[in-house]
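In: give me the fold of what follows.
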Amino acid sequence: MTDLLGLFLIFFRAAAFSVGGQGALPLLRQDFVATGLLTEHQVLEALVVGRVAPGPTGLYIVTLGYFAAGPIGAVLALAAASLPPIFMIAIASALRRQLVSAWAAGMVRGVALTASGLLVATSLRLLAPGIALAEVPWWQIVLGVVGTVFAVRARTHPGLVMAGGAVVGLVFAR
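Out: Residues are numbered from 1 along each chain as shown. Next up, the predicted model:
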């Protein structure tokens, strides 16, 4: 990508309109894959790097920036994705009293649930690009449901759940 300002704005917008972790993934996928700047495979590779690398799961954004424009793209992605949370800290401290109200809690809950739905839809598109949901292998759907149950119950360490998923993937993906 030769337009570095455009790249910066893609990451800035995705970070500004997302809710934590991989919340920016649906927007980034739309901006990069739909326009042909990156492939579905590159988005998946970036997610894998974000998962296996130490640190926050949002590191996949840096990898996407690298895939789009090399080292300068990685730096731009990191800078653009860091600015909206910094702005939110300032806004939250100024509006502290209003943020503990029922309307603010409802708004946050609605945004979080919507972001969760977008992540599920994006995960399905990355899992099975170009095919219908009915054609996704049964073990992948079961694995997604089991992972969701473990995440909701929150009694098992997420690393153990991911390790279990990796083992199941190795066994069934042959």
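In: pLDDT score for V142?
Out: The model reports V142 with a pLDDT of 86.
In: and what of I10?
Out: 93.
In: for it, give its distance to L59.
Out: Between I10 and L59 the distance is 17 Å, computed by C-beta to C-beta, to the nearest Å. Where you see a C-beta, it was placed from the backbone N, CA and C, and this is true even at glycine.
In: which one's more surrounded, the two?
Out: Neighbours per residue (other C-beta atoms under 10 Å) separate I10 from L59, with I10 holding more: 26 against 20.
In: which ones are touching that one?
Out: L28, D31, F32, A80 (C-beta atoms under 8 Å, 6 or more residues apart in numbering).
In: so who does the second one touch?
Out: Same thing as D31. I10, A14, L37.
In: and those as TSV, adding distance to G147 and secondary structure?
Out: Listed next are the contacts of D31 as TSV, based on distance: C-beta to C-beta, whole Å; DSSP: H, G, I helix; E, B strand; the rest coil:
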residue	distance to G147	secondary structure
I10	29	helix
A14	24	helix
L37	29	coil
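In: which one of the contacts of I10 sits in the busiest neighbourhood?
Out: Counting neighbours by other C-beta under 10 Å, L28 leads the contacts of I10 with 27 neighbours.
In: need the contact list for the residue nearest to that residue when sequence neighbours are not counted.
Out: Excluding the flanking residues, the one nearest L28 by C-beta to C-beta, 6 or more residues apart in numbering is A14, at 4.9 Å. Going by C-beta under 8 Å, 6+ apart, A14 touches A24, L27, L28, D31, I61, A81.
In: reformat those as a markdown table; add pLDDT and secondary structure.
Out: Below are the contacts of A14 laid out as a markdown table (pLDDT from 0 to 100; DSSP: H, G, I helix; E, B strand; the rest coil):
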| residue | pLDDT | secondary structure |
| --- | --- | --- |
| A24 | 81 | coil |
| L27 | 85 | helix |
| L28 | 89 | helix |
| D31 | 90 | helix |
| I61 | 90 | helix |
| A81 | 90 | helix |
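In: among those, which one lies nearest to L127?
Out: Nearest to L127, judged by C-beta to C-beta, of those is L28 at 16.6 Å.
In: spatially central residue in the protein, please.
Out: Nearest to the mean C-alpha position of the chain, counting by C-alpha atoms, centre = their mean, stands Q22 at 2.0 Å.
In: is it correct that that residue is in contact with V120?
Out: No: the criterion here is C-beta atoms under 8 Å, and Q22 misses it with V120 at 11.1 Å.
In: on that earlier part again, now for the contacts of A14: which two are most distant?
Out: Within these, D31 and A81 form the most distant pair, 13.1 Å apart (C-beta to C-beta).
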